[in-house]
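Novice: With the input below, show me the fold.
(one chain, ligands or ions: 3)
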Amino acid sequence: MSPAVVLVGPPGAGKTTVGQLLATRWGVDFADTDDLVEARTGRVIADIFTSDGEPAFRELEREAVAQALASHAGVLALGGGAVLAEETRTALSGHPVVLLSVGLAAGVRRTGLSTARPLLAGVNPRATFAALLAERLPVYRAVAVHEIGTDERTAEEVADAVHAALTAAEAAAEDATTAGDTTSAGDTSAPAGHRG
Ligand SMILES: Nc1ncnc2c1ncn2[C@@H]1O[C@H](COP(=O)(O)OP(=O)(O)OP(=O)(O)O)[C@@H](O)[C@H]1O
Ligand SMILES: O=C(O)C1=C[C@@H](O)[C@@H](O)[C@H](O)C1
Ligand SMILES: [Mg+2]
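Specialist: Numbers count the residues shown, from 1 in each chain. Ligands and ions are numbered 1, 2, ... in the order given. Below is the predicted model of the structure:
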């Protein structure tokens with residue numbers, strides 16, 4: 001069993017929001033590695049960061065991602081920094097990973113009112129966010145097979161774009177497989193990972 005889609009991207013890109021929309025639309029389960037870590041430890045992420053430090057959180061996150069990639073069949077959203085772990089980047093290979101990207105202004109706006117993101121809780125969240133984007137964008141892009149910009153789209157429109165990208169990719173793959181085969185055109189109405 002493996003996820004129908006894995007969403008990666010910076011904080012505020014909408015992984016949780018869009019992931020829930022897609023799961024509802026496709027009639028599958030939604031999982032978010034941030035929630036999995038909190039459920040397993042019975043603690044909130046900000047508390048794990050503050051009391052145990054970021055490396056302790058990253059270790060819990062690595063385990064949660066590995067388990068979810070192996071056993072979750074629905075939509076999976078990764079925590080914003082999960083791709084920093086090489087083990088996780090390797091494990092993502094072969095999965096339908098979609099990057100939800102967000103620019104500095106929208107990212108700061110969307111995360112600005114929340115105190116739940118310890119990495120952005122410092123004195124200058126804008127500078128922190130800019131550094132985070134510069135460091136991580138190449139990493140997100142290296143693991144993703146599609147990138148969807150979210151600045152100019154509502155969460156619903158982002159979900160539409162993710163669905164369209166996966167469906168088009170699957171249709172192209174089926175075309176390649178069935179080239180010359182006159183017996184099966186295949187159903188391309190929805191990505192295979194979540195067909196009912
Ligand atoms: N396309 C969008 N347009 C406008 N607001 C959005 C969009 N997507 C998400 N939001 C809003 O931005 C905020 C952050 O979204 P969300 O929590 O889904 O991001 P995330 O990628 O899961 O972040 P994190 O990595 O911190 O978990 C929420 O208030 C959400 O409603
Ligand atoms: O971008 C990050 O490093 C983080 C994003 C969140 O999803 C949480 O996983 C945590 O706050 C760290
Ligand atoms: Mg989230």
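
Novice: Residue of this protein closest to ligand 1, please.
Specialist: Gly14 (2.8 Å; Cβ to the nearest ligand atom). C-betas here are computed from N, CA, C, even on glycine.

Novice: And the pLDDT for that residue?
Specialist: Note for Gly14: predicted pLDDT of 96.

Novice: Dihedrals phi and psi, it?
Specialist: Backbone torsions of Gly14, given as degrees, to the nearest 10, read phi 110, psi 20.

Novice: surely it meets Ala155?
Specialist: Yes - judged on Cβ atoms under 8 Å, Gly14 makes contact with Ala155 at a distance of 5.4 Å.

Novice: more neighbours, those two?
Specialist: Taking neighbours as other Cβ atoms under 10 Å, Gly14 and Ala155 compare with Gly14 leading, 25 against 16.

Novice: What is the helix or strand Thr177 falls within packed up against?
Specialist: Taking DSSP states H and E as the definition, Thr177 sits inside helix 155-178. When contacts are defined as 3 or more Cβ pairs under 8 Å, 6 or more residues apart in numbering; DSSP states H and E, helix 155-178 sits against strand 5-8, helix 15-26, strand 97-101, strand 146-149.

Novice: from the chain's centre, how far out does the longest one sit?
Specialist: Taking Cα atoms, centre = their mean, to the nearest Å, one finds helix 15-26 lying 11 Å from the centre of the chain it belongs to.

Novice: Give the full set of residues in contact with whichever residue of the chain sits closest to ligand 3.
Specialist: In the chain, the residue that lies nearest ligand 3 is Thr16 (3.3 Å; Cβ to the ion). Taking Cβ atoms under 8 Å, 6 or more residues apart in numbering, we find Thr16 in contact with 32, 34, 77.

Novice: would you list the residues you listed in JSON lines and tack on secondary structure and neighbour count?
Specialist: Below are the contacts of Thr16 laid out as JSON lines (DSSP: H, G, I helix; E, B strand; the rest coil; neighbours: other Cβ atoms under 10 Å):
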{"residue": "Asp32", "secondary structure": "strand", "neighbour count": "20"}
{"residue": "Asp34", "secondary structure": "helix", "neighbour count": "22"}
{"residue": "Ala77", "secondary structure": "strand", "neighbour count": "30"}
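
Novice: out of those, which touch ligand 2?
Specialist: Asp34 (Cβ under 6 Å from any ligand atom).

Novice: can you redo the contacts of Thr16 as TSV with pLDDT and distance to Val139?
Specialist: Converted to TSV, the contacts of Thr16 look like this (pLDDT from 0 to 100; distance: Cβ to Cβ, whole Å):
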residue	pLDDT	distance to Val139
Asp32	97	19
Asp34	95	18
Ala77	98	17
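
Novice: residues from this protein in reach of ligand 1?
Specialist: Proximity of the chain to ligand 1, by Cβ under 6 Å from any ligand atom, involves residues 9, 11-17, 34, 77, 79-80, 110, 117, 150, 153-155, 158.
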